[in-house]
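**Student:** Kindly generate the corresponding structure for this input.
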Amino acid sequence: MKRHAALLGLMLVVAISASAGAEHVVAGTISGIEEDGELFVAIFDERGWKAVPDFQEGFVEGRSYQVESASSVDFRIDGVPPGMYAVRAFLDTNGNQELDMGMFGPKEPWGVYKASGPIVGPPRFRSLAFEVSSDVKGAEFQLR
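**Tutor:** Presented below is the predicted three-dimensional model:
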């Protein structure tokens, strides 16, 4: 009996260790698209979120989707290690592959997952972060 308990305990430790290093999927739908362009979606850890606010670097993983005559896009980001993350997206309407900024914020449509209500100033990582410990599906948000 003790041998079975020890074996079961060892199997549990191995299973937990294997899942701790696993990579996951974050997927969902971005709506509120009213123009054509290239949709950039990126997932950031806290360090990357604070380091580069313009989507160009600092993200853990990202994807882009060509948007033509669509009001929403399903996105999928593979290979996300366990941790705390936040997702943001923007629609590049002028083809320069950058989020164009104006005096009062972004000039192109943008959005962040888990935002509740209007965002005044730069979105804060801690209010938008979510844990990835398994696949995350159904991450839905709108561009503003």
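**Student:** contacts, neighbours, all on C-alpha from now
**Tutor:** OK.
**Student:** Next, the distance between the ends of stretch 123-143.
**Tutor:** With C-alpha to C-alpha, to the nearest Å as the measure, stretch 123-143 spans 14 Å from end to end.
**Student:** swap in stretch 88-98?
**Tutor:** Calculated as C-alpha to C-alpha, the first-to-last residue distance of stretch 88-98 is 13 Å.
**Student:** what's the burial count for Lys137?
**Tutor:** By the criterion of other C-alpha atoms under 10 Å, Lys137 has 13 neighbours.
**Student:** again, but for Val41
**Tutor:** Neighbours of Val41 using other C-alpha under 10 Å come to 24.
**Student:** Apart from its neighbours in sequence, what residue is nearest it?
**Tutor:** Ala89 (4.3 Å; C-alpha to C-alpha, 6 or more residues apart in numbering).
**Student:** correct me, but Ser133 touches Val26?
**Tutor:** No - contact between Ser133 and Val26 fails when scored by C-alpha atoms under 8 Å: they sit 10.6 Å apart.
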